[in-house]
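Student: any chance you can model this:
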Amino acid sequence: MITLFDAEPSLHGMALVIVQHLDPNSESHLPDLLTQHTSLTVRAARDGLEIAPDHVYICVPNRDLVVRDGRLRLLDPETERSQRHPIDRLFDSLALAYGDRGIAVILSGAASDGSHGISAIKSAGGMVIVQDPETAAFDGMPSSAIQTGLVDLVLPVEKIPQVLGRLATQPVESLPATSDGETPDVESASLQCILNVLSDRFGYSFADYKRPTLLRRTQRRMSVRNVDDFAAYASLVREDADEAASLFRDLMINVSSFFRDREAWQELEHKVIDPLIAKRVSGDTIRIWSAGCATGEEAYTIGMLMLERIEASGKRIKPQIFATDVSDSLETARAGVYPETIATDISPERLERFFHKHGPTYEVKSYLRDLIVFARHNVITDPPFLRMDLICCRNLLIYIEPETQRKILGMFNFGLRDGGTLLLGSAETIGTQTDLFQTVSAPWRIFRSHRIAHAGRFDFPRFPVTHQRLDDHSAAKHDRPVKDEYLRLAQRALLDRYAPPSVVIDADRHVLVYCGNTSRYLTQPGGEPTRDLLALISAGLRPPLRQAINEVNHTKGPEITTSGYIKDGGFRRPVTLTVTLIGPAHDASPLILVSFEEPAEPRVVGNREPERVDGGGQTVDQLEEELQLTRRELQDVSEQYDRLVEDYSTSSEEMLSINEELQSANEELETSKEELQSLNEELNTLNNELRGKVQAVEQTNSDLNNLLASTEIATLFLDMDCRVRWFTPATRQ
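Tutor: Predicted coordinates for the structure are as follows:
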């Protein structure tokens with residue numbers, strides 16, 4: 001703490017609130033200590049004290065400190081001392097009061113206080129800075145915060161004031177703007193360049209997000225990286241994959257928590273879930289969609305409520321929950337493993353019933369996990385899920401442009417049953433879509449659907465045209481200079497003469513390239529031809545090779561060396577295997593080089609007559625070595641099987657999600673077909689009416705002409721310029 005304020009010249013212009021874990025019966029001497037190390041005004045917190053810049057406010061013992069309406073509030077602790085989380089409580093109030101202007105700083109401390117509150121800070125668009133655990137006297141709080149994945153910066157404490165100073169002198173709310181409220185062309189063009197890079201890299205477009213939100217969060221990352229110019233930051237995002245990933249995570253706002261806005265869930269339970277269950281009979285299914293589920297907390301919250309209320313009803317009703325998002329946070333949701341800080345949001349009874357405790361984490365029990373299908377889905381472009389009884393989409397629409405909001409609400413109405421329920425976030429509303437939804441609870445944004453939406457209210461997804469990069473690469477290949485061919489031939493000759501026999505394989509262990517004479521080690525087995533290296537390899541090399549390949553794939557290590565043997569006549573000869581990862585470590589499908597080397601002086605490692613006394617011990621050693629290899633191979637196969645089961649489970653969920661989307665698209669097409677048929681009938685009816693009117697006009701015109709002609713009265717019809725338009729036959733006389 002003292003070190004932070006010794007580097008304090010950058011902290012001017014800010015208000016700092018400090019909360020410590022204090023003995024409730026001891027007096028804090030921190031105000032007196034800090035006064036000697038800072039020129040800022042240091043004060044002990046008092047209830048109702050107005051917050052001012054260039055001040056440091058320190059919480060007093062045995063009270064919790066929060067901020068409301070620009071003032072400090074001292075509150076009585078809600079729980080006993082061992083379960084108190086005063087820092088979480090401060091961060092929650094800071095996010096609510098100051099939004100994206102709030103900055104959470106976690107310094108040395110034990111336990112995990114603060115790890116829960118930073119999710120509220122991040123959700124509001126604020127910053128999270130954590131002291132490097134290696135420099136902390138107690139690394140519990142910093143390490144716990146880092147494990148959440150929500151931390152923007154991890155720094156030694158002496159460098160934190162510099163970052164705070166930059167944030168104070170470059171406030172994100174003062175966005176550059178022209179007189180008409182639009183951002184200048186330079187910033188707009190650079191921001192669009194940044195968004196294009198993210199779209200190319202991660203396959204997700206932010207075109208429908210509110211531009212001020214994108215600007216604020218981009219400027220926040222610029223402040224973190226100490227970049228003042230948008231064009232310079234655009235270049236940084238283009239060249240630095242890690243920074244692009246950090247910005248993408250900030251823009252996606254993948255922050256969620258269990259039972260967030262507890263009163264909203266209580267309202268949903270009493271006004272929606274209980275009546276819904278009461279209308280159903282045993283054997284029915286209740287379908288629920290959690291859109292934008294982030295890391296899955298809200299989906300599991302719905303699952304817990306449904307199981308509790310169904311059990312209370314005594315009926316055998318199955319809830320089916322679809323939880324969707326577009327980011328990699330789905331992996332966290334699928335795993336269902338959360339830090340122990342969730343205990344502040346979930347009651348002990350629910351923790352015991354729905355979670356397994358594993359050290360510092362809680363894992364969702366299988367019967368709750370099996371209720372939920374997690375799938376990648378974009379609510380802006382993908383068709384909605386159909387026949388839903390409840391859709392939960394909280395704190396997503398507030399970041400979307402109004403026109404896109406109307407489109408999404410139309411899709412939600414299309415996906416809900418008539419009378420289905422929509423739950424939005426506390427800062428969201430249905431706007432002008434009052435023809436689609438009826439308000440059930442205005443304070444907690446619960447709405448009931450009128451099923452009138454149709455395909456005309458929103459567009460089908462537009463699929464991008466396939467890139468022609470492969471063709472371009474192929475064309476460039478034919479234009480290669482001739483000197484490259486000479487170099488390739490020379491390299492091939494050198495490899496054949498000096499390099500050990502080798503093969504290049506892909507991630508599926510299929511042989512792509514043979515280098516040198518590998519006939520001593522590889523043999524095509526009988527039956528259908530294969531390129532599987534483990535099927536081609538000699539039996540004495542197969543176990544160590546399989547083990548080495550698995551280790552390289554798992555660790556992404558550069559090289560692993562092992563040994564085996566081949567049979568040469570009646571003897572076993574040693575062979576050294578070198579397995580090298582030659583593709584980039586971050587590549588989804590790296591290439592692997594497998595080389596075979598034999599010692600210069602062949603050494604017999606096994607005699608053809610193992611029954612000899614002097615060879616018995618050696619044979620036993622060989623058998624034990626093979627047994628160990630077999631055991632490792634069996635363990636690897638078991639691990640691969642577990643991974644395959646998990647992959648198949650994920651694929652099954654994705655296929656179920658795709659099936660739901662296809663059903664949705666099919667219903668939209670059916671609706672469009674019915675509308676076209678109805679429109680065609682209306683056009684046919686209108687055409688018949690017009691045909692009758694034309695005939696009536698023709699008959700009337702004929703009758704009028706006959707009448708005028710039979711009267712033998714000379715009559716002229718003139719326009720306003722006295723030009724003759726028409727006359728009767730008698731006029732000729």
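
Student: so for stretch 391-407, what gets flagged as buried?
Tutor: 391-401, 404-407 (16 or more other Cβ atoms under 10 Å). Backbone N, C-alpha and C define where each C-beta goes, glycine included.

Student: which members of the residues you listed are the farthest-apart pair?
Tutor: 392 and 401 (21.5 Å; Cβ to Cβ).

Student: tell me where the stretch 101-250 of the chain has helices.
Tutor: If you assign secondary structure with DSSP state H, counting those that start in this stretch, the helices in the stretch 101-250 of the chain sit at 117-123, 140-147, 160-169, 185-202, 211-224, 230-239, 241-252.

Student: pick the most deeply packed of those.
Tutor: Relative to the other members of the helices of the stretch 101-250 of the chain, helix 117-123 carries the highest mean neighbour count by mean count of other Cβ atoms under 10 Å, namely a mean of 25.

Student: and that one, what other elements does it pack with?
Tutor: In terms of contacts (3 or more Cβ pairs under 8 Å, 6 or more residues apart in numbering; DSSP states H and E), helix 117-123 is packed against helix 86-98, strand 103-106, strand 127-131.

Student: among those, which is nearest residue 518?
Tutor: Between residue 518 and the helices and strands packed on helix 117-123, the shortest separation by Cβ to Cβ is 52.4 Å, and it involves strand 127-131.

Student: ok, the closest one: who's next to it in the sheet?
Tutor: strand 103-106 (parallel), strand 153-155 (parallel) (DSSP bridges).

Student: contacts for it next, please.
Tutor: Surrounding strand 127-131, the residues in contact under the criterion Cβ atoms under 8 Å, 6 or more residues apart in numbering are 102-108, 118, 121-122, 142, 145-146, 150-157, 160, 163-164, 167, 220, 224.

Student: cool, and stretch 59-74?
Tutor: 17-20, 22-28, 44-51, 57, 75-78, 84, 86, 89-90, 92-94, 97-98.

Student: make it 6 Å
Tutor: Contact partners of stretch 59-74, identified using Cβ atoms under 6 Å, 6 or more residues apart in numbering, comprise 19, 22, 24, 28, 44-45, 47-51, 75, 77, 86, 89-90, 93-94, 97.

Student: of those residues, buried ones?
Tutor: In the contacts of stretch 59-74, burial by neighbour count holds for 19, 22, 28, 45, 51, 86, 89-90, 93-94, 97, counting by 16+ other Cβ under 10 Å.

Student: so the most centrally placed residue in the chain versus residue 217, what's the distance?
Tutor: Note on the chain: the residue nearest the mean C-alpha position is residue 327, at 1.6 Å, using Cα atoms, centre = their mean. From residue 327 over to residue 217 the distance is 15 Å, taken as Cβ to Cβ, to the nearest Å.

Student: again with residue 592
Tutor: Between residue 592 and residue 217 the computed distance is 40 Å (Cβ to Cβ).

Student: so which of the helices and strands packed on helix 117-123 is the most packed in?
Tutor: Mean neighbour count (mean count of other Cβ under 10 Å) peaks for strand 127-131 among the helices and strands packed on helix 117-123, with a mean of 25.

Student: and the next element down the chain from the helix or strand encompassing residue 651?
Tutor: Counting by DSSP states H and E, the secondary-structure element that holds residue 651 is helix 613-710. Reading on from helix 613-710 to the C-terminus, the next helix or strand found by DSSP H and E is strand 716-718.

Student: partners of that next one, with directions?
Tutor: For strand 716-718, the paired strands and their directions (DSSP bridges) read strand 724-727 (antiparallel).

Student: average pLDDT for the partner strand?
Tutor: Along strand 724-727, the predicted confidence averages to a pLDDT of 85.

Student: how far does that strand sit from the chain's center?
Tutor: Distance of strand 724-727 from its chain centroid, counting by Cα atoms, centre = their mean, to the nearest Å, is 77 Å.

Student: residue 280: how many residues sit nearby?
Tutor: Residues contacting residue 280 under the criterion other Cβ atoms under 10 Å number 16.

Student: pLDDT at it, what is it?
Tutor: Residue-level pLDDT assigned to residue 280 equals 92.

Student: apart from its chain neighbours, what residue comes closest to it?
Tutor: Nearest residue to residue 280, sequence neighbours excluded (Cβ to Cβ, 6 or more residues apart in numbering): residue 317, at 5.3 Å.

Student: the one you found contacts residue 284, doesn't it?
Tutor: Yes - here residue 317 lies in contact with residue 284, judged by Cβ atoms under 6 Å, at a distance of 5.4 Å.

Student: quick one, which of the two is more surrounded?
Tutor: residue 317 (18 against 13).

Student: quick check: that one vs residue 288, distance?
Tutor: According to Cβ to Cβ, residue 317 stands 12 Å off from residue 288.

Student: from the buried residues of stretch 391-407, which land in helices?
Tutor: Judged by DSSP state H, the subset of these located in helices is 404-407.

Student: and those as JSON lines, adding distance to residue 596 and pLDDT?
Tutor: Converted to JSON lines, these look like this (distance: Cβ to Cβ, whole Å; pLDDT from 0 to 100):
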{"residue": "404", "distance to residue 596": "59", "pLDDT": "90"}
{"residue": "405", "distance to residue 596": "63", "pLDDT": "91"}
{"residue": "406", "distance to residue 596": "65", "pLDDT": "89"}
{"residue": "407", "distance to residue 596": "60", "pLDDT": "89"}
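
Student: now these in TSV, with distance to residue 231?
Tutor: Supplementary listing: those in TSV, determined by distance: Cβ to Cβ, whole Å:
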residue	distance to residue 231
404	28
405	31
406	34
407	33
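
Student: which among the residues you listed gets closest to residue 33?
Tutor: Residue 33 lies nearest to residue 405 out of these, by Cβ to Cβ, at 51.3 Å.

Student: OK, contacts around that closest one?
Tutor: Contacts of residue 405 were listed using Cβ under 6 Å, 6+ apart, and they are residue 397.

Student: switch to 10 Å and redo it
Tutor: 208, 210, 380, 396-399, 428-431, 433 (Cβ atoms under 10 Å, 6 or more residues apart in numbering).

Student: now swap in residue 630 and tell me
Tutor: residue 543.

Student: distance of it relative to residue 543?
Tutor: Relative to residue 543, residue 630 is positioned 6 Å away (criterion: Cβ to Cβ).

Student: rewinding a little: shared neighbours of residue 317 and residue 288, anything?
Tutor: With Cβ under 10 Å, 6+ apart applied, the overlap between the contact sets of residue 317 and residue 288 consists of 276, 306.

Student: and the next helix or strand past the lowest-mean-pLDDT helix or strand in the chain?
Tutor: Between all helices and strands in the chain, the lowest mean by mean pLDDT, DSSP states H and E belongs to helix 469-478, at a mean of 39. Proceeding C-terminally, helix 469-478 gives way to helix 482-498 as the next helix or strand, assigned by DSSP H and E.

Student: state the pLDDT value of residue 609.
Tutor: The predicted local confidence for residue 609 comes out at a pLDDT of 43.

Student: nope, residue 538 is what I meant
Tutor: In this prediction, residue 538 carries a pLDDT score of 87.

Student: residues in contact with it?
Tutor: Contacts for residue 538 (Cβ under 10 Å, 6+ apart) come out as 520-523, 545, 564-567, 575, 596.

Student: now the buried members of the residues you listed.
Tutor: 521-522, 545, 564-566, 575, 596.

Student: if you skip the residues just before and after it, what's nearest to residue 255?
Tutor: In space, residue 255 comes closest to residue 123 once its chain neighbours are excluded; the distance is 4.0 Å by Cβ to Cβ, 6+ apart.

Student: ok, what's across the strand from residue 573?
Tutor: residue 566.

Student: can I get stretch 255-270 in CSV? Just the C-alpha atoms.
Tutor: Below are the C-alpha coordinates for stretch 255-270, written out as CSV (Å, rounded to 0.1, in the frame of the first residue of the first chain):
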residue,chain,number,x,y,z
VAL,A,255,-19.4,-11.3,-17.8
SER,A,256,-22.2,-13.2,-15.9
SER,A,257,-23.0,-14.4,-12.5
PHE,A,258,-25.4,-16.7,-10.7
PHE,A,259,-28.7,-15.1,-9.6
ARG,A,260,-27.7,-11.7,-10.8
ASP,A,261,-30.5,-9.2,-9.7
ARG,A,262,-31.9,-11.7,-7.3
GLU,A,263,-35.3,-9.9,-7.1
ALA,A,264,-35.7,-10.4,-10.9
TRP,A,265,-35.3,-14.2,-10.5
GLN,A,266,-37.7,-14.2,-7.6
GLU,A,267,-40.3,-12.4,-9.7
LEU,A,268,-39.7,-14.8,-12.6
GLU,A,269,-40.1,-17.7,-10.3
HIS,A,270,-43.5,-16.6,-8.9
